[in-house]
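J.: Pasting a predicted model and its sequence here:
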Amino acid sequence: NAGVTQTPKFQVLKTGQSMTLQCAQDMNHNSMYWYRQDPGMGLRLIYYSASEGTTDKGEVPNGYNVSRLNKREFSLRLESAAPSQTSVYFCASSSEVLNTEAFFGQGTRLTVV
Amino acid sequence: GIQVEQSPPDLILQEGANSTLRCNFSDSVNNLQWFHQNPWGQLINLFYIPSGTKQNGRLSATTVATERYSLLYISSSQTTDSGVYFCAVESALHYQLIWGAGTKLIIKP
């Protein structure tokens, strides 16, 4: 049982390039999330999907877009990467959007130069 | 919004020591989780504990929701316990976990 799987694990982009981070979960969870973690800090929510077919902004959505492709998959897209988006990105899932335990992927370390 | 404060920010201990990490939050919460982020960056679920007490081996946690705090106890520390311990809470107003800044724990052999 893999849990939450993210790809890639590492990525270096040049300013202005685009890329998509992929996330898949095999726990049949309804809700999925994208967070970012900057050095020395806790995580901050970028976007979430409470259920298949819905997405909503979190605390720091600017510069990102998301797609809930199906119940298993939730992708995060950077259309024009900026150095301020250098961070570690975590995908998470939970059975429901409230009052349930969240499980996290292993993270994607993104550097924008 | 809800504020989450963790203490101490840093803790250095010898192997075998016990420790208590604290998480204070500023409002009522529906959900509280403790995580361990290991030196490789992986987030490991420790406890899902919106209230009450739970134990898992050498680790235990207590959340007193009415007084807005949670404690994580680590007994007989091992070097593999090193890393950053995060508390994250979810309030009724937010569909997200709000994270503290973490406690960085270093266990020396």
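T.: Looks like it came in fine. A quick note: this is a predicted structure, and the numbers were derived from the prediction, not measured.

J.: only C-alpha atoms for contact and neighbour calcs from this point on.
T.: Fine.

J.: residues contacting B:T63?
T.: B:I49, B:P50, B:S51, B:G52, B:T53, B:Y69, B:S70, B:L71 (Cα atoms under 8 Å, 6 or more residues apart in numbering or on different chains).

J.: hmm, 6 Å instead?
T.: B:S51, B:G52, B:Y69, B:S70 (Cα atoms under 6 Å, 6 or more residues apart in numbering or on different chains).

J.: Quick check: the two most widely separated of those?
T.: B:G52 and B:Y69 (11.1 Å; Cα to Cα).

J.: Looking only at neighbour counts, state which of these two leads.
T.: Taking other Cα atoms under 10 Å in any protein chain shown, B:G52 and B:Y69 do not tie; B:Y69 has more neighbours (20 against 11).

J.: Spell out which parts of chain A neighbour chain B.
T.: A:M41, A:G42, A:L43, A:N99, A:Q106 (Cα under 6 Å from any Cα of the partner chain).

J.: Report whether the last one is found in a helix, as I expect.
T.: In this case it means A:Q106. No: per DSSP: H, G, I helix; E, B strand; the rest coil, A:Q106 lies outside any helix segment and is coil.

J.: Excluding chain neighbours, give the residue nearest to it in space.
T.: Closest residue in space to A:Q106, ignoring its immediate chain neighbours: B:Q42 at 5.2 Å, by Cα to Cα, 6 or more residues apart in numbering or on different chains.

J.: same question, the third one
T.: If you skip the residues right next to it in sequence, A:L43 has A:Q37 as its closest partner in space, 4.6 Å away by Cα to Cα, 6+ apart.

J.: Out of the contacts of B:T63, the closest to chain A would be?
T.: B:S51 (11.8 Å; Cα to the nearest Cα).

J.: Quick check: residues of chain B near chain A?
T.: Close to chain A, as judged by Cα under 6 Å from any Cα, chain B has residues B:N30, B:N31, B:Q42, B:W99, B:G100, B:A101.

J.: Tell me which of those residues fall in strands.
T.: B:N31, B:W99 (DSSP state E).

J.: Top of the residues of chain B next to chain A by number of neighbours, please.
T.: B:W99 (24 neighbours).

J.: how much space between that one and A:A81?
T.: 25 Å (Cα to Cα, to the nearest Å).

J.: Can you name the residues bridging to the most centrally placed residue in chain A?
T.: Centroid-nearest residue in chain A: A:W34, 2.8 Å away (criterion: Cα atoms, centre = their mean). Beta-bridge partners for A:W34, by DSSP bridges, are A:Y47, A:C91.

J.: do the same with A:S75
T.: A:S67.

J.: That one reaches A:Y64, doesn't it?
T.: No: A:S75 is beyond contact range of A:Y64, at 10.3 Å (criterion: Cα atoms under 6 Å).

J.: higher neighbour count, these two?
T.: A:S75 (20 against 17).

J.: Now for that one: which residues touch it?
T.: Contacts for A:S75 (Cα under 6 Å, 6+ apart) come out as A:L21, A:Q22, A:C23, A:V66, A:S67.

J.: Closest to chain B out of these?
T.: A:C23 (15.3 Å).

J.: Okay, and the closest one sits in which element?
T.: Per DSSP states H and E, A:C23 falls inside strand A:19-25.

J.: buried sites along that strand?
T.: Neighbour-count burial for strand A:19-25, counted by 16 or more other Cα atoms under 10 Å in any protein chain shown, picks out A:T20, A:L21, A:Q22, A:C23, A:A24, A:Q25.
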